[in-house]
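Trainee: Any chance you could fold what I've pasted below:
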Amino acid sequence: RLLLAHALMLLGADEITTLEAGGIRTIRSFAAILALYGADPKPWLMTLPSWLESGLTAVFALPGWAVLAVTGAGLAYAFRDRN
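Mentor: Numbers count the residues shown, from 1 in each chain. This next block holds a predicted model:
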(Lines give C-alpha, C1' and ligand atoms only; values in the text may rest on other atoms or scores of the structure.)
Protein backbone atom coordinates (compact mmCIF):
# COMPACT_ATOMS: atom_id res chain seq x y z
CA ARG A 1 0.00 0.00 0.00
CA LEU A 2 2.93 2.28 0.63
CA LEU A 3 4.08 1.96 -2.99
CA LEU A 4 0.58 2.80 -4.23
CA ALA A 5 0.45 5.89 -2.02
CA HIS A 6 3.88 6.96 -3.24
CA ALA A 7 2.77 6.45 -6.86
CA LEU A 8 -0.21 8.75 -6.28
CA MET A 9 2.06 11.38 -4.73
CA LEU A 10 4.39 11.22 -7.73
CA LEU A 11 1.46 11.51 -10.12
CA GLY A 12 0.26 14.59 -8.26
CA ALA A 13 3.76 16.07 -8.25
CA ASP A 14 4.00 15.60 -12.03
CA GLU A 15 0.65 17.34 -12.47
CA ILE A 16 1.68 20.27 -10.26
CA THR A 17 4.95 20.60 -12.18
CA THR A 18 2.98 20.56 -15.44
CA LEU A 19 0.73 23.35 -14.19
CA GLU A 20 3.71 25.39 -13.00
CA ALA A 21 5.39 24.96 -16.40
CA GLY A 22 2.42 26.54 -18.15
CA GLY A 23 0.87 23.30 -19.36
CA ILE A 24 4.05 21.71 -20.71
CA ARG A 25 3.68 18.05 -19.76
CA THR A 26 6.31 17.01 -17.24
CA ILE A 27 6.63 13.34 -16.34
CA ARG A 28 9.60 12.18 -14.29
CA SER A 29 11.08 8.81 -15.18
CA PHE A 30 11.74 6.14 -12.59
CA ALA A 31 15.47 6.79 -13.01
CA ALA A 32 14.93 10.49 -12.26
CA ILE A 33 12.97 9.62 -9.11
CA LEU A 34 15.72 7.30 -7.92
CA ALA A 35 18.32 9.99 -8.65
CA LEU A 36 16.35 12.41 -6.46
CA TYR A 37 16.65 9.90 -3.62
CA GLY A 38 20.40 9.58 -4.19
CA ALA A 39 20.20 6.14 -5.79
CA ASP A 40 21.09 6.95 -9.41
CA PRO A 41 20.87 3.68 -11.39
CA LYS A 42 23.15 4.73 -14.27
CA PRO A 43 26.49 3.67 -12.72
CA TRP A 44 24.97 0.37 -11.65
CA LEU A 45 23.49 -0.29 -15.11
CA MET A 46 26.91 0.06 -16.75
CA THR A 47 28.15 -2.99 -14.83
CA LEU A 48 25.45 -5.31 -16.22
CA PRO A 49 25.54 -7.42 -19.40
CA SER A 50 24.22 -5.52 -22.43
CA TRP A 51 21.03 -7.59 -22.79
CA LEU A 52 20.09 -6.99 -19.16
CA GLU A 53 21.14 -3.34 -19.27
CA SER A 54 18.87 -2.60 -22.23
CA GLY A 55 15.89 -4.26 -20.54
CA LEU A 56 16.35 -2.45 -17.26
CA THR A 57 17.01 0.85 -19.04
CA ALA A 58 13.57 0.50 -20.61
CA VAL A 59 12.00 0.00 -17.16
CA PHE A 60 13.91 2.97 -15.70
CA ALA A 61 12.65 5.15 -18.58
CA LEU A 62 9.00 4.54 -17.66
CA PRO A 63 7.14 7.12 -15.57
CA GLY A 64 8.05 6.74 -11.91
CA TRP A 65 4.44 6.70 -10.75
CA ALA A 66 3.59 3.89 -13.20
CA VAL A 67 6.44 1.64 -12.05
CA LEU A 68 5.52 2.09 -8.40
CA ALA A 69 1.79 1.66 -9.05
CA VAL A 70 2.22 -1.61 -10.96
CA THR A 71 4.70 -2.96 -8.41
CA GLY A 72 2.50 -1.92 -5.49
CA ALA A 73 -0.65 -3.37 -7.04
CA GLY A 74 1.12 -6.63 -7.77
CA LEU A 75 2.42 -6.93 -4.23
CA ALA A 76 -0.97 -5.95 -2.76
CA TYR A 77 -2.65 -8.64 -4.85
CA ALA A 78 -0.05 -11.29 -4.02
CA PHE A 79 -0.20 -10.68 -0.28
CA ARG A 80 -3.90 -9.93 0.10
CA ASP A 81 -5.98 -11.39 2.91
CA ARG A 82 -7.43 -14.70 1.67
CA ASN A 83 -10.51 -15.40 3.78
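Trainee: tally of neighbours for residue 65?
Mentor: In terms of burial, residue 65 registers 23 neighbours under the definition other Cβ atoms under 10 Å. Every C-beta, even on glycine, is put in place using the N, C-alpha and C of the backbone.
Trainee: correct me, but it touches residue 4?
Mentor: No. Because the distance of 10.0 Å does not satisfy Cβ atoms under 8 Å, residue 65 is recorded as not touching residue 4.
Trainee: what does the model give the spatially most central residue of the chain for pLDDT?
Mentor: Centroid-nearest residue in the chain: residue 64, 2.3 Å away (criterion: Cα atoms, centre = their mean). Residue 64 carries a pLDDT value of 94.
Trainee: Please name the nearest non-neighbouring residue to it.
Mentor: Setting aside the residues directly before and after it, residue 64 is nearest to residue 33 in space (Cβ to Cβ, 6 or more residues apart in numbering), at 3.7 Å.
Trainee: in the longest helix belonging to the chain, what counts as buried?
Mentor: For the chain, the helix reaching the highest residue count under DSSP state H is reported as helix 2-20. Across helix 2-20, burial judged by 16 or more other Cβ atoms under 10 Å covers 3, 4, 6, 7, 10, 11, 14.
Trainee: Same check on stretch 22-41?
Mentor: 27, 28, 29, 30, 31, 33, 34.
Trainee: Between the two ends of it, what distance do you get?
Mentor: 30 Å (Cα to Cα, to the nearest Å).
Trainee: same question, stretch 13-28
Mentor: End-to-end for stretch 13-28, by Cα to Cα: 9 Å.
Trainee: so how far is that stretch off the chain centroid?
Mentor: Stretch 13-28 has its C-alpha centroid displaced from the chain centroid by 16 Å (Cα atoms, centre = their mean, to the nearest Å).
Trainee: again, but for stretch 19-37
Mentor: 11 Å.
Trainee: From residue 80, how far out is the residue nearest to the centre of the chain?
Mentor: Separation of residue 64 from residue 80 (Cβ to Cβ, to the nearest Å): 24 Å.
Trainee: Great, nothing more from me.
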